[in-house]
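Colleague: build the 3D model from these lines:
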Amino acid sequence: MKRILVVDDQIDIQEILADFLRNSGYIVEACSNGIQAAQKIKEKTFSLIITDLMMPKGDGFSFIANTNGRLETPVLVMTGGSNFEKYKTKIETLQNAGYLILRKPFSKDELEKVVKKLLKEV
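Modeller: Got it, this is the predicted structure:
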């Protein structure tokens, strides 16, 4: 069974994503920031990481930068609409590096499609 790590500082987002992904047949773990995520990937192997960009104590940009080149796990990046415009250049850099970006709010169908693509289930 595939294991997914959800990284988001908003507990309600963590729970919604984790419930949806568990109901889709995945094992899901969650944490609140990039620092915790870095620790989790040292302890376990994940098939996919889904991370928010804007979080206190270790944002998604730092997490990705610190793992870039050492992490073979695909990473799906989530960001809110206002953050997209504020950090457009950084987000475009991530996209150009091959990261898929989901803008919040997104539908369960959009999430499912991207997750299956990254896990090569389509």
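
Colleague: for this protein, longest helix please?
Modeller: The helix that spans the most residues within the chain, counting by DSSP state H, is helix 11-23.

Colleague: mind listing what's buried along it?
Modeller: For helix 11-23, burial by neighbour count (16 or more other C-beta atoms under 10 Å) applies to 13, 14, 17, 18, 20, 21. The way it works is simple: take the backbone N, C-alpha and C, and place the C-beta from them, glycine included.

Colleague: for residue 48, state which of these is nearest.
Modeller: Ranking the buried residues of helix 11-23 by separation from residue 48, with C-beta to C-beta as the measure, puts residue 21 on top at 9.1 Å.

Colleague: which residues outside the helix or strand of the chain with the lowest mean pLDDT are in contact with it?
Modeller: Scoring the helices and strands of the chain by mean pLDDT, DSSP states H and E places helix 81-86 at the bottom, with a mean of 72. Counting by C-beta atoms under 8 Å, 6 or more residues apart in numbering, the neighbours of helix 81-86 from elsewhere in the structure are 53, 54, 91, 101, 103, 104.

Colleague: please list the members of these that lie in helices.
Modeller: Helix and strand membership here follows DSSP H; of those, those in helices are residue 91.

Colleague: which strand residues bridge the residue positioned nearest the centre of the chain?
Modeller: For the chain, the residue whose C-alpha lies nearest the mean C-alpha position (C-alpha atoms, centre = their mean) is residue 50; its distance is 1.6 Å. With DSSP bridges applied, residue 50 shows beta-bridge pairing to residue 6, residue 76.

Colleague: surely it touches residue 5?
Modeller: Yes: counting by C-beta atoms under 8 Å, residue 50 does reach residue 5; the two are 7.1 Å apart.

Colleague: which pLDDT value goes with residue 9?
Modeller: Listed pLDDT for residue 9 reads 93.
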